[in-house]
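> Fold the stuff below for me.
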Amino acid sequence: MASFSLPYFKEHLELNVPDERLAGVLVSRSEDYAPAAGQTALVEQALANPIASSRLSELAVGKKHIVIISSDHTRPVPSAVTMPVLLKEIRSTNADCRITILVATGMHRPTTHDELVAKYGADIVANEEIVVHDAYKDEDMAFKGILPSGGELWINKLADEADLLISEGFIEPHFFAGFSGGRKSVLPGIASKKTVLWNHNALFLANKHARAGSLDENPVHKDMLFAAQSAGLKFILNVVINSEKEVIAAFAGDLCEAHAKGCDFVKSLAQVDAVPADIVVTTNGGYPLDQNIYQTVKGMTAGEACVKEGGVVIIASSCMDGHGGEFFYKLLADKPSAKAAYDSINGVHPSETEFDQWEAQILARILCKCTVIIVSKHCDPDMIKAMHIGHAFTLEEAMTKAEAIVGADSKITVIPDGIAVIVK
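Residues are numbered from 1 along each chain as shown. The predicted structure follows:
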């Protein structure tokens, strides 16, 4: 009997699989990676040895207003580790400059005060200038040109007016942008809703290159990179974390080259070969990434890459905040089937992209291939079922339901953290 401890919210769920039914286990090698130093030391070393860039402390000299783009509450960036080091580096040569931390919410809901404290620590929240980006306020946006794909690029005015624009974030596989981090802090991070909607369009997401681990020829990435360069993003600090949300590597410096180095590192740890099976059991990595169904789609894509046609993906995810977006919910719930939802979205012109359409498109695509069962004791089962997704309160209940579909002797692939791997 093989036993697994699967991250779920702020705890773990235990899964037992008979040896004869276990097809394979897909895990990131990040869990076995031994970092050369502690978390803070890794960040300090990265800033002291920037990639293809001067040190941040040198770039900060003489600047009056520095803006640091920082990930929001939906991302497990350990900002309590990274932000103090960034602030210290800047103030080592420019103690009097104005520093604004611009929280990159993209089109997510605003980050709350308590979430800011949990992310940065009480001291930074009390003493630093923090602004939460609002993609819906057109008056807060500045026009920065036309994206390669033809859409308009609008970003937060604070970033546009800064003497020096930098960002912090983390790098992980991203289900349609290839990887998170780097350029993504600008688009979608601090972009206007009209720009995000254009970039996340149905035609892009249907592109075979818009997949986890793919940057070359990825149209989503191409627009994102253009946006970051047009915004004048001069320096990035990106970290790589393990399942405990601890820094195991850090990359700082040039927007393109530092991000590329980080992506190569993540790929070396996260890329795994698909192991097809009738049942795939996975998760969305636990808190904070499993707060809603919207985010949980990301973990589902790892299951999609392994599950056989007509099979079952079981994903443990608290979804304690519900669906994650009313428009996202209705794009599925208002249609009689997942196939009907997919057909209504696919091929929509970029100029007509609806809010949260991209996430609904990918979810519908997965549901057209297989049954998905969300294991949650925190989310309304009726809401889950309304989106054409199955529900179970426990892994045992989910397995019983899956076996009723594909058979009691069906093979099982386990992916303990679906967002930590790139399945090829």
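> Let me see the ranges of the strands in the stretch 151-300 of the chain.
152-156, 164-170, 173-174, 178-179, 233-241, 247-253, 271-272, 277-283 (DSSP state E, counting those that start in this stretch).
> Of all those strands, which one is nearest residue 418?
strand 277-283 (3.8 Å; CB to CB). For every residue, glycine as well, the C-beta is placed using N, CA and C.
> residues in contact with that closest one?
Strand 277-283 has contacts (CB atoms under 8 Å, 6 or more residues apart in numbering) with 4, 6-8, 15, 17, 23-24, 290, 299-300, 302-303, 306-308, 311-317, 395, 399, 402-403, 406-407, 410-418.
> quick one: contacts for residue 321?
291, 292.
> Against residue 379, how distant is it?
Remark: distance between residue 321 and residue 379 (CB to CB, to the nearest Å) = 9 Å.
> Also residue 165?
38 Å.
> Let me see the contact set for residue 6.
12, 13, 14, 15, 281, 283, 316, 395, 416.
> ok, now with 6 Å
Residue 6 is in contact with 13, 15, 283, 316, 416, counting by CB atoms under 6 Å, 6 or more residues apart in numbering.
> Between those residues, identify the one with the most neighbours.
residue 283 (33 neighbours; other CB atoms under 10 Å).
> can you pull up the bridge partners for that one?
In this entry, residue 283 is beta-bridged to residue 316, by DSSP bridges.
> Let me see the mean pLDDT of the longest helix anywhere in the chain.
Counting residues, the longest helix in the chain under DSSP state H turns out to be helix 255-270. In this model, helix 255-270 has an average pLDDT of 97.
> Check which residues of that helix are buried.
255-263, 265-267, 269-270 (16 or more other CB atoms under 10 Å).
> got the angle for it vs strand 233-241?
Between helix 255-270 and strand 233-241, the angle comes out at 10 degrees (axes from the mean of the first three to the mean of the last three CA atoms, to 10 degrees).
> picking up where we left off before, quick one: which of the contacts of residue 6 is nearest to residue 232?
Of these, the one sitting nearest to residue 232 (CB to CB) turns out to be residue 283, at 37.9 Å.
> Retrieve the pLDDT associated with the closest one.
Looking at residue 283, the pLDDT reads 98.
> domains for the protein, by residue range?
Per automatic domain parsing, the domain ranges recorded for the chain read 2-26+274-423, 39-269.
> between the ones you listed, which one is nearest to residue 32?
domain 39-269 (8.7 Å).
> can you give me how far that closest one is from the chain middle?
12 Å (CA atoms, centre = their mean, to the nearest Å).
> Now do it: distance from first to last residue.
18 Å (CA to CA, to the nearest Å).
> Repeat that for stretch 282-293.
14 Å.
> could you say which helix or strand contains residue 75?
Counting by DSSP states H and E, there is no helix or strand that carries residue 75.
> cool, the one 10 residues further on as well?
Counting by DSSP H and E, the element that carries residue 85 is helix 79-91.
> got the CA coordinates for that helix in PDB?
Output of helix 79-91 as PDB, limited to C-alpha atoms (Å, rounded to 0.1, in the frame of the first residue of the first chain):
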ATOM      1  CA  SER A  79       7.300  38.600   0.800                       C
ATOM      2  CA  ALA A  80       8.100  38.600   4.600                       C
ATOM      3  CA  VAL A  81      11.500  37.300   3.500                       C
ATOM      4  CA  THR A  82      12.000  39.100   0.200                       C
ATOM      5  CA  MET A  83      10.600  42.600   0.900                       C
ATOM      6  CA  PRO A  84      12.800  43.500   3.800                       C
ATOM      7  CA  VAL A  85      15.900  42.600   1.800                       C
ATOM      8  CA  LEU A  86      14.800  44.600  -1.200                       C
ATOM      9  CA  LEU A  87      14.000  47.700   1.000                       C
ATOM     10  CA  LYS A  88      17.400  47.400   2.700                       C
ATOM     11  CA  GLU A  89      19.200  47.100  -0.600                       C
ATOM     12  CA  ILE A  90      17.500  50.200  -2.000                       C
ATOM     13  CA  ARG A  91      18.000  52.300   1.200                       C
END
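> Check the average confidence over it, would you?
Here the average pLDDT along helix 79-91 is 98.
> now the angle between strand 247-253 and that helix, please.
Using the same axes, to 10 degrees: helix 79-91 against strand 247-253 is 30 degrees.
> Neighbouring strands - and their directions - for the helix or strand that helix 79-91 is followed by?
Counting by DSSP H and E, the next helix or strand C-terminal to helix 79-91 is strand 98-104. As defined by DSSP bridges, the strand partners of strand 98-104 come to strand 65-71 (parallel), strand 129-132 (parallel).
> Tell me which of these sits nearest to residue 367.
strand 65-71 (28.8 Å).
> could you check the angle strand 164-170 makes with that closest one?
Orientation of strand 65-71 against strand 164-170 (the same axes, to 10 degrees) gives an angle of 20 degrees.
> Using CSV, write out every CA atom in strand 65-71.
C-alpha atoms of strand 65-71 as CSV (Å, rounded to 0.1, in the frame of the first residue of the first chain):
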residue,chain,number,x,y,z
HIS,A,65,10.3,57.5,-6.4
ILE,A,66,10.8,53.8,-6.6
VAL,A,67,7.9,51.4,-7.2
ILE,A,68,8.1,47.8,-6.2
ILE,A,69,5.5,45.6,-7.9
SER,A,70,4.6,42.8,-5.5
SER,A,71,2.3,39.7,-5.8
